[in-house]
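Novice: Build me a structure from this.
(one chain, ligands or ions: 1)
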Amino acid sequence: MKINLNPNPSPASDADREAKIAAGGFGKYYTDNMVIAEWSEATGWGDAELKAYGPLSLDPATSVLHYGQEIFEGMKAYTQPDGGISLFRPEANALRFNSSAVRMALPEIPVADFVAAVEALVQQDRAWVPKNVGESLYIRPFMIATEVGLGVRPANHATFLVITTPASAYFNPNKAVTVWISTEYVRAAPGGTGAAKTGGNYAGSLLAQKQAAEQGCDQVVWLDATERRWVEEMGGMNLYFVKGSGADATIFTPKLTGTLLPGITRDSILKVAADLGYKVEEGMISVDDWRDGVASGEITEIFACGTAAVVSPIGAAKSAAGTWTTGNGEPGPITQKIRETLLGIQHGTIEDKHGWNVRVG
Ligand SMILES: *Cc1c(COP(=O)(O)O)cnc(C)c1O
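Specialist: All right, here's what the predicted structure looks like:
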């Protein structure tokens, strides 16, 4: 896929850009440019174009608007100590994008083309990459079904886009979040789309998120659809439980059953935790195991992880069956250690033993 460079002729002024970066938050301001490419069943992928960020013009009968056939990714670019910029495991995002595409009956995009599109945009808009540790340029590649028509079938036309937004810390890393364990709603069911990064999974989660807020909680925890017993994820993040403490601690995460989203942060933490000398384990944990483990002191720390927030400590958990708190509600030492190590690798201050960072210029 060739990328035709046709950048924004009137990018933001230095002052405007700096003010928008300094404003922090998540997804409030977008950079000067975007990448767009079109696919049709008849001709495959056309050239991509890097051009000024701006609105799309869609026929009201465009299929994505009706049937939600769409996928997305979330990844980041980080400033390095020498002032350069790195992406973190971009091929992993490309591979997951393609598995989401297969599940949602959208076309795959060659891994090299996906990565090249992201690199071209980050290079073009490099002045937008924040400089401080914990800040980054969040990159949102996505694909929408753009066949025009209300017939229900896999679209024969699709549009791939990449947009970017400067991001500061998503959650306050020093404040544990409280979670509502939903037994009423589920995020994903066996045979469904839980392992695909698709908007519909999020649309279906919003009511439970609202319910969590009504319960005074920050986030919702999802259980398995069948038994409403096994802990799967928190909001749009994977979960980790620390059992024991100190060098003997075990870092445990729910295994990928097909209904969980296979997080790249989750996968990276499995490796980082092992590098740090902790035992790592993937398995099943029930709500009862959670409550009992916290009560007995076996579970010492809990955190959620994902690209946007990196690592986010979890304090109190609330469900229809009661409330229980891990530790003193503050982020624990192992949570902090893992967070700092991962951030250090991403920002180039800790050795990248796994070759995860990909330099962009
Ligand atoms: C994106 C996402 C995650 C986290 O994935 P990362 O690759 O670590 O960012 C976890 N759960 C859900 C439901 C997601 O959509």
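Novice: Outline the domain layout of this structure.
Specialist: If you go by automatic domain parsing, the domain ranges for the chain are 3-167, 177-346.
Novice: Can you lay out these as TSV showing mean pLDDT, distance to the ligand and mean neighbour count?
Specialist: All C-beta spots, glycine's among them, are computed from the backbone N, C-alpha and C. Listed next are the domains of the chain as TSV, based on pLDDT from 0 to 100; distance: least, Cβ to the nearest ligand atom, whole Å; neighbours: other Cβ atoms under 10 Å:
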stretch	mean pLDDT	distance to the ligand	mean neighbour count
domain 3-167	97	5	18
domain 177-346	95	3	19
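Novice: separation between M34 and F160?
Specialist: 11 Å (Cβ to Cβ, to the nearest Å).
Novice: so A167 touches F26, yeah?
Specialist: Yes - using Cβ atoms under 8 Å, A167 is in contact with F26, at 5.2 Å.
Novice: shared neighbours of those two, anything?
Specialist: The overlap between the contact sets of A167 and F26 (Cβ atoms under 8 Å, 6 or more residues apart in numbering) consists of Y138, A308.
Novice: can you give me the strands in the stretch 251-361 of the chain?
Specialist: With DSSP state E, counting those that start in this stretch, the ranges of strands along the stretch 251-361 of the chain come out as 279-283, 299-306, 310-319, 322-325, 357-359.
Novice: now swap in the stretch 51-200 of the chain and tell me
Specialist: Assigned by DSSP E, counting those that start in this stretch, the strands in the stretch 51-200 of the chain fall at 70-72, 75-79, 85-88, 136-145, 157-167, 177-181.
Novice: Just the angle for the second one relative to strand 157-167, thanks.
Specialist: In this structure, strand 75-79 runs at an angle of 40 degrees to strand 157-167, with axes from the mean of the first three to the mean of the last three Cα atoms, to 10 degrees as the basis.
Novice: residue contacts, T300?
Specialist: V242, K243, G244, S245, A249, T326, G327, G332, I334.
Novice: H347 now?
Specialist: Per Cβ under 8 Å, 6+ apart, neighbours of H347: Y78, T79, Q80, P81, V133.
Novice: returning to that earlier point: now the contacts of T300 in a markdown table, with distance to V129?
Specialist: What follows is the contacts of T300, written out as a markdown table (distance: Cβ to Cβ, whole Å):
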| residue | distance to V129 |
| --- | --- |
| V242 | 32 |
| K243 | 37 |
| G244 | 39 |
| S245 | 37 |
| A249 | 34 |
| T326 | 35 |
| G327 | 35 |
| G332 | 31 |
| I334 | 30 |
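Novice: just the helices in this structure please.
Specialist: For the chain, helices defined by DSSP state H occupy the ranges 14-22, 64-67, 90-103, 111-124, 199-203, 206-214, 264-275, 287-296, 333-346.
Novice: which residues are contacting the fifth one?
Specialist: I take that to be helix 199-203. Helix 199-203 has contacts (Cβ under 8 Å, 6+ apart) with G68, E70, I71, F72, R187, A188, T193, G194, G236, L261.
Novice: same thing but at 7 Å, please
Specialist: By Cβ atoms under 7 Å, 6 or more residues apart in numbering, the list of residues contacting helix 199-203 from outside reads G68, E70, F72, R187, A188, T193, G194, G236.
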